[in-house]
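*Asks:* got a structure for you, letters missing:
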C-alpha cells in the first residue's frame with residue numbers, strides 16, 4: 001500500500017481539528033477572554049444546550065434566558081478559577097435524561113485569555129488509557145526534504161473505542177525509542193484492521209530526528225459506512241515521519257514555538273517556515289504568491305489611553321475578524337505588536353492580475369477592520385495600512401520577502417491612514433529617503449529647527465484679519481524650508497508629533513500674549529492650532545493646554561483647535577469626552593478639511609464643533625465648476641442648521657472669493673490674501 005507524501009495543507013489541518021473536536025466523546029468548551037468561542041456536540045448533549053446558546057456565553061454574565069445547566073457550569077468554573085483548581089467533580093442534575101450523572105471537569109489553557117473546559121462522564125474517565133496526564137500532539141514541523149509534518153493542535157488521548165463508534169484522536173508522550181519504519185508498519189496494520197473490523201488501536205514509538213523519542217498513541221474507530229471517507233485521514237498520517245522540536249515535550253512551550261499566545265494565530269516562526277516552503281514550491285510554477293503586511297494605524301494610542309489589557313482584547317478580536325477571510329490557500333500570522341501578515345500561496349498567474357487580486361484582498365481586510373470592534377466595554381473603529389509584496393523574484397528569502405512587504409507598508413502609511421501600497425524597487429529608494437528624513441527629524445527636535453508660521457484668517461464681508469492659523473515649518477541647518485507634506489506624516493508615524501505638538505501649543509500661546517500686549521489682538525480673534533489624531537490621544541494634551549494658557553495668562557477663548565476628519569473614525573464617545581473637557585476651558589473646535597474624509601451629518605450633530613473649514617479641493621474651481629459650488633452651498637446650509645461658522649481654505653483668486661461672498665461664507669484663508677508667514681510679518685499684517 002502506498003501513501004501520499006505531500007505535507008497536509010492548512011485547510012486539511014483545520015478540517016482534522018474540526019473532525020477531532022466534533023467526534024470527541026468528551027464535552028469541550030473554549031473560552032477566550034471569558035467568552036465561549038467554540039464547543040462541540042458532546043458538550044451540547046451533556047449540558048442539554050444548543051450550540052447557539054453556548055457560543056457567545058460569558059463567564060461574567062448569567063442572562064435569565066440562558067439554560068440552567070450552563071449557568072451552573074459557569075459558576076463552578078469561576079469558583080475553580082478563583083481557587084486555582086484545575087480538576088473537580090460535578091453533579092449537574094439538570095436537563096439530562098440520565099439521573100445522577102457525574103462529570104469530571106478539567107480546566108486547561110492559560111487561565112486568563114484562554115480557558116478550555118473538558119467535560120468527562122465518569123464512565124469515560126475509568127476507560128481512559130493508563131497515561132500520567134493528557135499530553136498534546138507534537139507541533140507541525142517540516143524537515144529539509146519537506147516530507148515531515150505532524151498535527152499542530154492539542155488533544156487528550158481518547159477513551160476506549162466502545163464509548164463512541166466514530167472517534168479519531170492523536171496523543172503523544174515521552175517514551176523509549178522506536179523506529180519510523182516500525183511506526184509506518186503499525187499504521188499499515190491499522191489500515192488493514194480497520195477494513196476488516198471497523199475499529200482498532202495502535203501504539204508505537206517512532207524515533208525523532210534529533211534522537212528524542214515519542215510514544216505515539218493512535219486510536220481510531222469508524223463506522224463501516226464512514227471508512228471510505230475517513231481512510232484518507234489515516235493514509236495522510238501514515239505517510240508522515242513524525243518528530244518533535246529540539247526540547248522536551250511541554251504543552252505550553254511546544255505551542256509557543258509556532259503560535260502566538262494572545263491571538264492563537266501562527267507566529268513569525270511558523271510564518272517563516274511556511275513562507276520558505278512556499279518560495280521553494282513556487283520555483284518553476286506559473287502561479288505567483290503574495291505577502292500582505294497589515295499594520296494597525298496608531299494602535300499604540302489605544303494601549304496608551306485604555307491600557308494594554310484593552311489593547312490585547314482588541315488585537316484578539318482583530319485576529320478573528322481577519323481570519324474570516326482565510327481559506328486553504330492562505331496563512332494568517334501575527335508578527336508582533338499590532339502587525340499581522342497574510343501569506344497567499346497562489347494569487348495569480350501574472351504580475352498584473354496578481355497585483356489587482358492582492359489589492360482587492362487588502363481592501364477586504366481594511367473593510368472588515370473598519371467595522372466597530374468592541375472589547376466588551378469600549379467600541380473602537382480601526383484602520384490599517386497594508387503593504388503588498390508579490391513573490392515573483394527568483395532566489396527570494398523569507399526575510400527579504402517580509403522586508404519588501406514592510407517597505408510597501410511604510411509607503412502606504414506615509415500616504416495617510418488606511419492606505420495600500422504594492423512594493424516595487426523605486427519604493428526602496430523612497431524608503432531609504434524616509435529613513436534619512438526620520439533621522440534628520442529627530443535631530444531637528446533636539447536642535448530646535450522648527451518654526452511656527454501664521455496664516456491670516458480674513459472676514460469675507462469687510463476684509464478684516466480676524467485671526468490666524470499656526471502652521472509648522474521645518475528650517476534645517478542648511479536654511480532650507482521643508483514643507484509640511486514632507487515631514488508631518490513622518491512626525492505622526494514616529495510619535496515625535498506629540499513633543500513637537502506641545503511646543504506648538506506653547507509657542508502659539510506666546511504669540512497671542514505678545515499680540516495682546518501690543519494691542520493688536522481683538523476680543524473676538526482666535527489663533528487656530530492643528531491637533532493630529534496622535535496628539536489628540538496623548539493623555540497629557542489637556543494638561544499641556546491648561547498649563548500653557550496659565551503660563552502666558554491668556555483667555556482660553558483666544559484658542560481654536562482644529563482636528564481633521566480622520567479623528568472621527570476613532571472611538572467617538574472618547575473623542576466627545578475629550579473635546580468637551582477642552583471646550584469647558586473656554587476654547588473652541590474646528591473640523592478641518594471638511595468634505596473629503598469620513599464625516600457625516602450625524603457626526604456633525606454629535607460632536608461639539610464650533611467652526612467648519614471647507615477643503616480647498618472644493619474651493620479651487622468654485623467659480624467655474626457647478627458641482628464644486630453645489631457642494632459648498634450644501635455644506636453652508638448644513639452649517640447654518642447647526643450654528644457653525646464656516647471658513648473656506650485655499651482661496652487663490654478674486655473670482656473664487658466673489659462666489660464665496662455670494663453664497664454666504666464667513667471667512668477665508670489662502671494665497672489671495674497671504675501665504676503662511678513668519679510671526680513678525682503676521683504682526684505687521686495685524687498692525688496695517
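*Replies:* Done, it's in. Keep in mind the model is a prediction, meaning the values are calculated, not measured.

*Asks:* Going by C-alpha atoms from here, please, whenever you check contacts or count neighbours.
*Replies:* Fine.

*Asks:* how does the chain divide up, domain by domain?
*Replies:* Here the chain is described, according to automatic domain parsing, as comprising the domains 1-127, 132-139+148-250, 259-423, 441-687.

*Asks:* Mean pLDDT and mean neighbour count for those domains - can I get that in CSV?
*Replies:* As requested, those are exported to CSV (pLDDT from 0 to 100; neighbours: other C-alpha atoms under 10 Å):
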stretch, mean pLDDT, mean neighbour count
domain 1-127, 70, 17
domain 132-139+148-250, 35, 18
domain 259-423, 85, 19
domain 441-687, 90, 18
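
*Asks:* OK, contacts around the closest residue in space to residue 382 that isn't next to it in sequence?
*Replies:* Distances taken as C-alpha to C-alpha, 6 or more residues apart in numbering put residue 370 closest to residue 382, at 5.2 Å, once the chain neighbours are dropped. If a contact means C-alpha atoms under 8 Å, 6 or more residues apart in numbering, then residue 370 has 381, 382, 383 as its contacts.

*Asks:* Please list the members of the residues you listed that lie in helices.
*Replies:* Here DSSP state H is the test, and the contacts of residue 370 give no hits in helices at all.

*Asks:* Closest one to residue 78 out of those residues, please.
*Replies:* Here the nearest of the contacts of residue 370 to residue 78, counting by C-alpha to C-alpha, is residue 381; it sits at 31.6 Å.

*Asks:* and the closest one, backbone torsions?
*Replies:* Reported as degrees, to the nearest 10, the phi and psi values for residue 381 are phi -120, psi 120.

*Asks:* Setting aside sequence-adjacent positions, which residue approaches residue 27 most closely?
*Replies:* For residue 27, ignoring the flanking residues on the chain, the nearest one in space by C-alpha to C-alpha, 6+ apart is residue 43 at 3.8 Å.

*Asks:* Report the contact partners of the one you found.
*Replies:* 26, 27, 28, 29, 49, 119.

*Asks:* Run through the bridge partners of the second one.
*Replies:* With beta bridges defined as DSSP bridges, residue 27 has these partners: residue 119.

*Asks:* Sheet-wise, list the partners of the helix or strand containing residue 421 with their directions.
*Replies:* Under DSSP states H and E, the secondary-structure element containing residue 421 is strand 420-422. For strand 420-422, sheet partners with direction are given as strand 384-391 (parallel), following DSSP bridges.

*Asks:* Now the element after the partner strand, going C-ward?
*Replies:* Note on strand 384-391: by DSSP H and E, the next helix or strand toward the C-terminus is helix 398-414.

*Asks:* Any chance of the backbone angles for residue 452?
*Replies:* For residue 452, the backbone dihedrals (degrees, to the nearest 10) come out as phi -110, psi 110.

*Asks:* ok, now which ones touch it?
*Replies:* For residue 452, the contact set (C-alpha under 8 Å, 6+ apart) comprises 470, 471, 472, 473, 504, 507, 508, 678, 679.

*Asks:* do residue 472 as well
*Replies:* Taking C-alpha under 8 Å, 6+ apart as the definition, contacts of residue 472 comprise 450, 451, 452, 453, 484, 504.

*Asks:* Report the spatially nearest residue to residue 526, omitting neighbours in sequence.
*Replies:* residue 558 (4.4 Å).

*Asks:* does the one you found really touch residue 527, like I thought?
*Replies:* Yes: with contacts counted by C-alpha atoms under 8 Å, residue 558 reaches residue 527, the gap being 6.1 Å.

*Asks:* which residues are common contacts for the two?
*Replies:* Contact criterion C-alpha under 8 Å, 6+ apart; residues shared by residue 558 and residue 527: residue 512.

*Asks:* From the rest of the structure, what touches stretch 371-385?
*Replies:* Contacting residues not belonging to stretch 371-385 are listed as 294-297, 310, 313-314, 317-318, 366, 369-370, 409-410, 412-413, 417-420, 569-571 [C-alpha under 8 Å, 6+ apart].
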